[in-house]
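K.L.:
A structural model of the following input is requested.
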Amino acid sequence: MPVLQDKGALVVGGASGIGAAIAAMYAVEGARVVVADRDASGASGTVRMDVADEGSVASAVAEATDLLGGRLDILVNSAGILTQAPVAEMDLATWAQTIAVDLTGVFLCCRAVLPGMIERGSGRIINIASQLGIKGGEGLAHYAAAKAGVVGLTKSLALEVSPHGVLANAIAPGPIETPMVDGITEDWKRAKRAELPLGRFGRPEEIAPTAVLLASDPGGNLYVGQTLGPNSGDVMP
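P.N.:
Below is the predicted model of the structure:
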């Protein structure tokens, strides 16, 4: 039997990249999946959500819960943006937008789903962080700071909600071939590939199995506040 049979999953940022790969693999594993994204495109099983807007998050989570028959078992926070600028040249708007989408959006989505999960005494929350939140990245201080915040948020959330049967964990991928990295310079990407023991960036479908593990029973049952790192060897804790 598929390991996520009949589970209701909301994948935020699921229209492309890592989120899309996770949504697709969840469906293969038997989950009922709703995708939330800024570009919902009117497709079946999608809802429009701006993760940086509190009202948009609340209404989208309510809509997704209805689409899932009133039961939301799994939340994946995969929405994110990535831009490049050295700290000395970074304007406040660039910093603030990255924090709003990549960190505050995770907080808002987690907060929105928690009442239902706590009431039922079960749930899985999987937040997509980054290895740069652990090691930093030149020209990417705003992104690294947001992703470090996601790791800290996940650990703190896990302490609060695991007694209620809700397990929160993070995935910190290395560089992945997704549309999000298109705005990063080729020089940066070339240098990063040279640093990686595998010598290459990952692919979204290589991250999705980790998200399946964390959402599954019994596979994910003992993961509490953990940060798993499919990162081509870029970080070895």
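K.L.:
Look through this structure and report the residue furthest from the middle.
P.N.:
Distance from the C-alpha centroid of the chain, by CA atoms, centre = their mean, peaks at residue 88 (28.6 Å).
K.L.:
Please give me every residue in contact with it.
P.N.:
For residue 88, the contact set (CB atoms under 8 Å, 6 or more residues apart in numbering) is empty. C-betas here are computed from N, CA, C, even on glycine.
K.L.:
And it, how far from residue 141?
P.N.:
10 Å (CB to CB, to the nearest Å).
K.L.:
need the next SSE after the top helix by length along the chain, C-terminal direction.
P.N.:
In the chain, with assignment by DSSP state H, the single longest helix is helix 141-161. For helix 141-161, the following helix or strand on the C-terminal side (DSSP states H and E) is strand 166-171.
K.L.:
How far away from the center of its chain is the longest helix of the chain?
P.N.:
11 Å (CA atoms, centre = their mean, to the nearest Å).
K.L.:
and the angle from that helix to strand 166-171?
P.N.:
160 degrees (axes from the mean of the first three to the mean of the last three CA atoms, to 10 degrees).
K.L.:
hmm, who's touching helix 141-161?
P.N.:
Contacts of helix 141-161 (CB under 8 Å, 6+ apart): 77, 82-83, 85-87, 90, 94-95, 98-99, 101-103, 106-107, 110, 114, 117-118, 123, 125, 127-130, 132-137, 167-170, 172, 224-225, 227.
K.L.:
Just the ones of those residues in strands?
P.N.:
77, 123, 125, 127-128, 167-170, 227 (DSSP state E).
K.L.:
Straight-line length of stretch 160-169, end to end?
P.N.:
13 Å (CA to CA, to the nearest Å).
K.L.:
Could you pull out the buried residues of it?
P.N.:
Across stretch 160-169, burial judged by 16 or more other CB atoms under 10 Å covers 161, 166-169.
K.L.:
now do stretch 3-12
P.N.:
In stretch 3-12, counting by 16+ other CB under 10 Å, buried: 3-4, 7-12.
K.L.:
Turn these into JSON lines, including pLDDT, secondary structure and distance to residue 65.
P.N.:
Below are these laid out as JSON lines (pLDDT from 0 to 100; DSSP: H, G, I helix; E, B strand; the rest coil; distance: CB to CB, whole Å):
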{"residue": "3", "pLDDT": "97", "secondary structure": "coil", "distance to residue 65": "22"}
{"residue": "4", "pLDDT": "98", "secondary structure": "coil", "distance to residue 65": "17"}
{"residue": "7", "pLDDT": "98", "secondary structure": "coil", "distance to residue 65": "13"}
{"residue": "8", "pLDDT": "98", "secondary structure": "strand", "distance to residue 65": "8"}
{"residue": "9", "pLDDT": "98", "secondary structure": "strand", "distance to residue 65": "11"}
{"residue": "10", "pLDDT": "98", "secondary structure": "strand", "distance to residue 65": "8"}
{"residue": "11", "pLDDT": "98", "secondary structure": "strand", "distance to residue 65": "14"}
{"residue": "12", "pLDDT": "98", "secondary structure": "strand", "distance to residue 65": "13"}
